[in-house]
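# Okay, here's the prediction I keep looking at, along with the sequence it came from:
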Amino acid sequence: MEERTIRALQEEEEKGIPSVYAVGPFVQEESCKEGSNNDIKYLRWLDKQECNSVLYVSFGSGGTLCEEQIKELAWGLELSGQKFLWVLRPPNKFGIIADFGARNEDPLEFLPEGFLQRTVGQGLVVPYWASQVQILGHGAIGGFLCHCGWNSTLEGVVHGIPLIAWPLFAEQKMNAVLLTDDLKVALRAKVNENGIVEREEIRGMIRKLMVEEEGKEIRQRMRNLKDVANDALKDDGSSTVTLTQLALKWKSLSLGCTE
């Protein structure tokens, strides 16, 4: 995924840059947590959906949207006509970074009036938390609208899920460029002059990813990337070989020290 970057760093080693060893991708397998009925409800809901038909929407454990953007995203999901599973947090006073200690607000209250009623059968909104690895590994998921955090990015790749890139902060914008411009396995959300992604833009992105020809091409590229990711972890894969090289280097250095 970062071939050019790794190569450039390796070429700089003679100038004092530390050695770089590319390993992975490693993602943590997880089971449902927190013991809520939602943990069962959303997986059962996915079981009833067609293969590759659902867009999963989540901004990670630390991302949140302003109230205006939540409403525009809700309208965009509804107008797209596509199935969706949305993990929703309420907006908060800190802007785009979630207040992890605050759970005294019902995030569903920030949705447009009548949204849940109008989208019955089309989508499901899960407050605060969901088991992301389990969701991405479900056969019903056909797209992932995400913030491009590196964990979410790798989880999407390992499961072969094409992306809609919606970066919020930190290194996420760089990751979004990698995914859209270099690897071409994602579409990028376009913001207006007020920093908002409008409902028609969202509707168009979703339909382009989930049903149009461009989305099919992105899906195929992501499947190819998934295969490469799986191959990297095999006995003769690039990640395994690289770790072996590192171990041999350490062994050689340790022997040199004892001598």
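Arrived safely, thanks for sending.

# going forward, measure contacts between C-alpha atoms and count neighbours the same way
Noted.

# Quick check: the most centrally placed residue in the chain vs residue 25, distance?
Residue closest to the mean C-alpha point of the chain, counted by Cα atoms, centre = their mean, is residue 152 at 3.6 Å. Per Cα to Cα, to the nearest Å, residue 152 is found 11 Å from residue 25.

# just to revisit the earlier point, surely the residue nearest to the centre of the chain meets residue 61?
No: in this structure, residue 152 is not within contact of residue 61 by Cα atoms under 8 Å, at 9.8 Å.

# Surely residue 150 and residue 176 touch.
No: Residue 150 lies out of contact with residue 176 (Cα under 8 Å); the separation is 10.0 Å.

# Between the two, which is the more surrounded one?
Between residue 150 and residue 176, residue 176 has the larger neighbour count (other Cα atoms under 10 Å), namely 28 against 14.

# what residues are up against that one?
148, 165-167, 186, 188 (Cα atoms under 8 Å, 6 or more residues apart in numbering).

# Now residue 165. Nearest residue, chain neighbours left out?
For residue 165, ignoring the flanking residues on the chain, the nearest one in space by Cα to Cα, 6 or more residues apart in numbering is residue 188 at 4.8 Å.

# How many residues are close by the one you found?
Residue 188 has 17 neighbours, counted by other Cα under 10 Å.

# distance of it from residue 153?
Distance from residue 188 to residue 153, by Cα to Cα: 14 Å.

# Walking through the stretch 1-150 of the chain, point out its strands one by one.
Assigned by DSSP state E, counting those that start in this stretch, the stretch 1-150 of the chain shows strands spanning 54-57, 83-88, 123-127, 141-146.

# Not counting the third one itself, show me its contacts.
Pointing back at strand 123-127 there. Outside strand 123-127, the residues that reach it (Cα under 8 Å, 6+ apart) are 38, 42, 83-89, 106-108.

# Direction-wise, compare it with strand 83-88 and give the angle.
Counting by axes from the mean of the first three to the mean of the last three Cα atoms, to 10 degrees, strand 123-127 lies at 10 degrees to strand 83-88.

# Report the buried residues of strand 123-127.
Across strand 123-127, burial judged by 16 or more other Cα atoms under 10 Å covers 123-127.

# follow-up on the earlier one: output the strands of the stretch 1-150 of the chain as CSV; include the columns distance to residue 19 and mean pLDDT.
Shown next, in CSV, are these (distance: least, Cα to Cα, whole Å; pLDDT from 0 to 100):
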stretch, distance to residue 19, mean pLDDT
strand 54-57, 37, 98
strand 83-88, 39, 98
strand 123-127, 43, 96
strand 141-146, 32, 98
